[in-house]
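> Fold the following.
(chains A and B)
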Number of protein chains: 2
Amino acid sequence: MNSQELFEQIKIKKSFLCVGLDTDKNKIPAHLLDAEDPIYEFNKAIVDATHDLCVAYKPNLAFYESEGIEGLKSLERTVKYIRSNYPEIFLIADAKRGDIGNTSKMYAKAFFENMDFDSVTVAPYMGADSVTPFLSYENKWVILLALTSNKGAFDFQFMEENGTRLFEKVLETSKEWGTPENMMYVVGATKAESLTDIRKIIPNSFLLVPGVGAQGGSLSEVAKYGLNDTCGLLVNSSRGIIYAGSDEDFALFARGEALKVQTEMSSLLEEKGIA
Amino acid sequence: MNSQELFEQIKIKKSFLCVGLDTDKNKIPAHLLDAEDPIYEFNKAIVDATHDLCVAYKPNLAFYESEGIEGLKSLERTVKYIRSNYPEIFLIADAKRGDIGNTSKMYAKAFFENMDFDSVTVAPYMGADSVTPFLSYENKWVILLALTSNKGAFDFQFMEENGTRLFEKVLETSKEWGTPENMMYVVGATKAESLTDIRKIIPNSFLLVPGVGAQGGSLSEVAKYGLNDTCGLLVNSSRGIIYAGSDEDFALFARGEALKVQTEMSSLLEEKGIA
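Residues are numbered from 1 along each chain as shown, chains lettered A, B, ... in the order given. Take a look at the predicted model:
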C-alpha cells in the first residue's frame, strides 16, 4: 500500500486508528479456549467487529512467538484472513527487528514475502545497513523506532550531542535512507509535546503512535501536535480496545471502544479540514 | 548455565569459540535438500563435527524465520538435539529483540521457556523495561547489543554526550539492571581497539564478539584487548566455519576451520595463563 492509498482510507473511514492485536491466551474470553485456534478466533472476531472503524492492524510478534509454532500459525491465519476479507487494511508487523545487512534481508523476506505485511517496525540501534534491506520492496514500509512510549525511552533516546537528541538524530540520519513513501516512525503518545520538534524534522512522514489509552497518552494532544495535511498519523490502541469485554460479547465491546476513538478522530480530522 | 560452568567448559575445551548457525537453504550442500528437514540435517552435522571445539552455538533467528513455520521447526529440532546430546553447550538465541515491558516478557517466555536457550541477544534502544524482563530467569542471560560489528554501528553508537559515547552509556546504564552473572554484551571484533575502553567499564562481564572471519576482525586483537582472568570472551564465527565446505564432506571442512580457530584460542588462553 502506498501513502496515497492509506490517506484515502483515512478519509473514507474518518479514522486513523490502528488496532493492536496483542492477543494473549490468558486474557481472551474463556469460551474461546475450546476452539481449535483460540487466538485466531479472537482476532477474527475483533477484526470483523472493528474493520470499518480502523485503517490498520498491528499484531505484536512477541505475543505470537510466545505460543511457539502454534502462535505463528495463528498469526499467519490472521494475516490471511485480513488480506482476503479486508484488503484495504494496512498491516503492521510489530517486530522491532534489526540486524546486520544480510540478516535484515532475511527478516524482510519473513515479513514481506512469507507473510504479506505492509510494514515492519525496526529498531535503529545498528544503523543504516540494518534498516535499508527492508526498503527495497515496492509499496512496503519500514516503521523505525524513534521515540518510544515506555519509561525506558528516557535511558538513551534523549542522549544529546551538540543540541541534537538521539531520537532526533535517528530521524535526521534515516531521512537519507528512505522517503516519506517507504518510511514511517514510531513516536510514543506519552511524549506528545515532542511531536512539535519531530514534525520540524519530518513534516511529511507518517507516524505510528502507541501509548494512547492503557499507557496514558492523549489522542487530542497527539492530533494537535502531530496531524499534517495528509493526516500523517496512525494512532494505535491495543488493550483498551481488544480487551474491552471479557465474555461472549467481547467483540461488541471492542467495537464500542473502537467507535469512541473513531468518533473523536473524525472530529479531529474535521477540525483540521481533512475529512 | 552460570558463568563458572561456562568458564569450566572454556578451560576443558581450551576454546571460547561460538559457532553461528546462520543456516541458509541457498548455501547448504545440494545433497541435503532431499532430506525432510535440510536445515536441521545441516545443523546436526555441523554440531556433531564441532561440539568439542566450541563452547557455544548461536542460531540467528532471521535465518529460521525467513523459512516460515518450517524454519522454526528446524530451529526447535536443532535446540533439542544440542540440549540432548551436548548439554554442556551454551545456547544463544541471536534475536536482537526488545520491546516495552509486558511484551519483552513474552519474548523471554519464547526463548527461555518454550525453547531452552541459555541466552538471548537484546537491543538496548528502548531502555530498562525492555531488558529487565529477560533478567528474572535464573541462570539465563541477556546479551545486550553495545558496539556492533557492522558499518551502521557508526550511525548512532558513537554519539557522544559529555565525553561518553552511546555504547559506553549502554554499558554504564545497564550495569544497574543486571550483573556479570546474567548479562553479557555484544562487542564487534571489527572495533577491537574499543575493547580497552569497554573493559574499563565492564571488566568482569562476558563479551560476545561477532565479526571475526568473514567480517574482517582479528582474533588476536580481540584477545589482546578483551580477555580477562576468567576468559570473558565468546568469539563467534558463522560463515567462515559452517560454509567452509560445500559438498558431502562439508562437516569435515567445518571441523577443520573450527580446529584452526580453537588452536589459536588455545595458544591465546595459554599465553594469558588461563588454560
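> from here on, contacts and neighbour counts on C-alpha atoms
Fine.
> With adjacent residues omitted, what lies nearest to the residue of the stretch 151-275 of chain A found nearest chain B?
Residue nearest to chain B within the stretch 151-275 of chain A: residue A:152 (4.0 Å; CA to the nearest CA). Nearest residue to residue A:152 in three dimensions, chain neighbours excluded: residue B:127, at 4.0 Å (CA to CA, 6 or more residues apart in numbering or on different chains).
> check contacts around that neighbour.
Residue B:127 makes contact with A:151-156, according to CA atoms under 8 Å, 6 or more residues apart in numbering or on different chains.
> from the chain's centre, how far out does the longest helix belonging to chain A sit?
For chain A, the longest helix by residue count, based on DSSP state H, is helix A:250-271. Averaged C-alpha coordinates place helix A:250-271 at 17 Å from its chain's average position (CA atoms, centre = their mean, to the nearest Å).
> can you check stretch A:117-126 too?
The answer for stretch A:117-126 is 11 Å, by CA atoms, centre = their mean.
> still on that earlier bit, only whichever of the contacts of residue B:127 are buried, select them in PyMOL.
To isolate the buried ones among the contacts of residue B:127 in PyMOL, judged by 16 or more other CA atoms under 10 Å in any protein chain shown, type:
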select buried, chain A and resi 152+153+154+155+156
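> Now, the contacts of residue B:127 that are in helices?
A:153-156.
> is it true that residue A:46 touches residue A:257?
No. Judged on CA atoms under 8 Å, residue A:46 makes no contact with residue A:257 at a distance of 11.4 Å.
> can you pull out the strands in chain A?
A:17-21, A:56-59, A:90-97, A:119-122, A:141-147, A:160-161, A:164-165, A:183-187, A:207-209, A:233-237 (DSSP state E).
> would you list these in TSV and tack on mean neighbour count, mean pLDDT and distance to residue B:75?
Formatted as TSV, the strands of chain A follow (neighbours: other CA atoms under 10 Å in any protein chain shown; pLDDT from 0 to 100; distance: least, CA to CA, whole Å):
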stretch	mean neighbour count	mean pLDDT	distance to residue B:75
strand A:17-21	26	98	26
strand A:56-59	24	98	23
strand A:90-97	23	98	18
strand A:119-122	25	98	23
strand A:141-147	26	98	26
strand A:160-161	16	97	41
strand A:164-165	16	97	39
strand A:183-187	25	98	31
strand A:207-209	26	98	32
strand A:233-237	26	97	32
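> I'd like these laid out as JSON lines, including distance to chain B.
What follows is the strands of chain A, written out as JSON lines (distance: least, CA to the nearest CA, whole Å):
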{"stretch": "strand A:17-21", "distance to chain B": "12"}
{"stretch": "strand A:56-59", "distance to chain B": "12"}
{"stretch": "strand A:90-97", "distance to chain B": "7"}
{"stretch": "strand A:119-122", "distance to chain B": "10"}
{"stretch": "strand A:141-147", "distance to chain B": "9"}
{"stretch": "strand A:160-161", "distance to chain B": "5"}
{"stretch": "strand A:164-165", "distance to chain B": "9"}
{"stretch": "strand A:183-187", "distance to chain B": "12"}
{"stretch": "strand A:207-209", "distance to chain B": "14"}
{"stretch": "strand A:233-237", "distance to chain B": "14"}
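> For residue B:146, which of those is the nearest?
Among the strands of chain A, the nearest to residue B:146 by CA to CA is strand A:90-97 (15.9 Å).
> Figure out how far that closest one is from the centre of its chain.
7 Å.
> for stretch A:230-246, same thing?
For stretch A:230-246, the distance to the chain centre is 9 Å (CA atoms, centre = their mean).
> For it, measure first residue to last.
36 Å (CA to CA, to the nearest Å).
> Tell me where the model's unsure across chain A.
By pLDDT under 70, chain A has no low-scoring segment.
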